[in-house]
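Asker: Can you look at this prediction? I've put the sequence above it.
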Amino acid sequence: MISHDFQNQLARRASLAELDLSPALVGQLEAYYRLLVHWNARVNLTALPLNPITDQAVDRLLIEPIAAAQYLATAAPVWFDLGSGGGSPAIPLKLARPAGQLTMIESKERKAAFLREAVRSLKMDDTRVEAIRIEALAIDHEIAATADLVTVRAVRADQALFDAIGKLLRFRGQALLFGAKRSGLTVPHGYEVGESHSASSEPDRDQALLVVNWIGL
């Protein structure tokens, strides 16, 4: 895709979501997108159409994470992104809100290699990648109860995921669950449930963002 076309599409989707993207952020998002296209040809990072990229893919990969920045409770969080895969929501959100210490957790080494290349290429400060399973991370006593923020694209927000999040978060720490709806979701004891926000620039899109806080058992 020609740079001008991509930037116009990104600007149009951002406008629908009432987001104002700086030229510097647009350039970083385009660089991330092009890395994603290049690596996705060899490593299955996302099933969303990238070349050319569809409006749905722009929304899911780029617009929704940036829109979520308004819900962050901490200006410079200690932050874990679980199951980081192709880097969304963590990378666009970090580019939009660079303050804080981000650790992306991805158990598959080839995907972790992509994430490390993205961190290097995009010059993302205070960002690292750990190629371990979420379950192993959650029992590491050195990082237990140290996180201000956990993000995850919750394809399955089950008990095991909530248990891992609860071990990572400090008291009143925040979790942003992308793709999770409040309706029909059982949130375990120990969490204070906030509102479920629209995570799409179009009201009929079936996407949601659930914000929860850890208040302890």
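Answerer: Sure thing, it's come through. Being a predicted model, the structure only gives us computed values, none of them experimental. Numbering: from 1, shown residues only.

Asker: hey, which helix is longest across this protein?
Answerer: Longest helix of the chain, by residue count under DSSP state H: helix 23-40.

Asker: Using PDB, list the CA coordinates for that helix.
Answerer: Provided in PDB are the C-alpha atoms of helix 23-40 (Å, rounded to 0.1, in the frame of the first residue of the first chain):
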ATOM      1  CA  PRO A  23       2.100  13.400  12.400                       C
ATOM      2  CA  ALA A  24       4.800  11.700  14.500                       C
ATOM      3  CA  LEU A  25       2.400   9.100  15.800                       C
ATOM      4  CA  VAL A  26       1.000   8.500  12.300                       C
ATOM      5  CA  GLY A  27       4.600   7.800  11.100                       C
ATOM      6  CA  GLN A  28       5.200   5.400  13.900                       C
ATOM      7  CA  LEU A  29       2.000   3.500  13.300                       C
ATOM      8  CA  GLU A  30       2.800   3.200   9.600                       C
ATOM      9  CA  ALA A  31       6.300   1.900  10.500                       C
ATOM     10  CA  TYR A  32       4.600  -0.700  12.800                       C
ATOM     11  CA  TYR A  33       2.100  -1.600  10.100                       C
ATOM     12  CA  ARG A  34       4.800  -2.200   7.500                       C
ATOM     13  CA  LEU A  35       6.800  -4.400   9.900                       C
ATOM     14  CA  LEU A  36       3.700  -6.400  10.600                       C
ATOM     15  CA  VAL A  37       3.100  -6.900   6.800                       C
ATOM     16  CA  HIS A  38       6.700  -8.000   6.300                       C
ATOM     17  CA  TRP A  39       6.800 -10.500   9.200                       C
ATOM     18  CA  ASN A  40       3.200 -11.800   8.700                       C
END
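
Asker: what sits up against the helix or strand of the chain with the lowest mean pLDDT?
Answerer: For the chain, counting by mean pLDDT, DSSP states H and E, strand 191-198 ranks last in confidence among helices and strands (a mean of 78). Residues from elsewhere that reach strand 191-198, judged by Cβ atoms under 8 Å, 6 or more residues apart in numbering: 68, 71, 162, 166, 175, 180-183, 187, 205, 207-215. Placement of C-beta: from N, CA and C, glycine included.

Asker: Are any of those buried, and if so which?
Answerer: Among the contacts of strand 191-198, those buried by neighbour count (16 or more other Cβ atoms under 10 Å) are 68, 162, 166, 175, 180, 182, 207-214.

Asker: Which residues are in contact with Ile132?
Answerer: So Ile132 contacts 105, 107 (Cβ under 8 Å, 6+ apart).

Asker: what's the answer for Met1, then?
Answerer: Met1 is in contact with 51-53, counting by Cβ under 8 Å, 6+ apart.

Asker: Give me the pLDDT for Asn213.
Answerer: On pLDDT, Asn213 comes in at 94.

Asker: And the spatially closest residue to Lys111 that is not a sequence neighbour, how close does it get to Ile105?
Answerer: Of all residues not flanking Lys111 in the chain, Gly85 sits nearest, at 5.7 Å (Cβ to Cβ, 6 or more residues apart in numbering). Distance, Gly85 to Ile105, by Cβ to Cβ, to the nearest Å: 10 Å.
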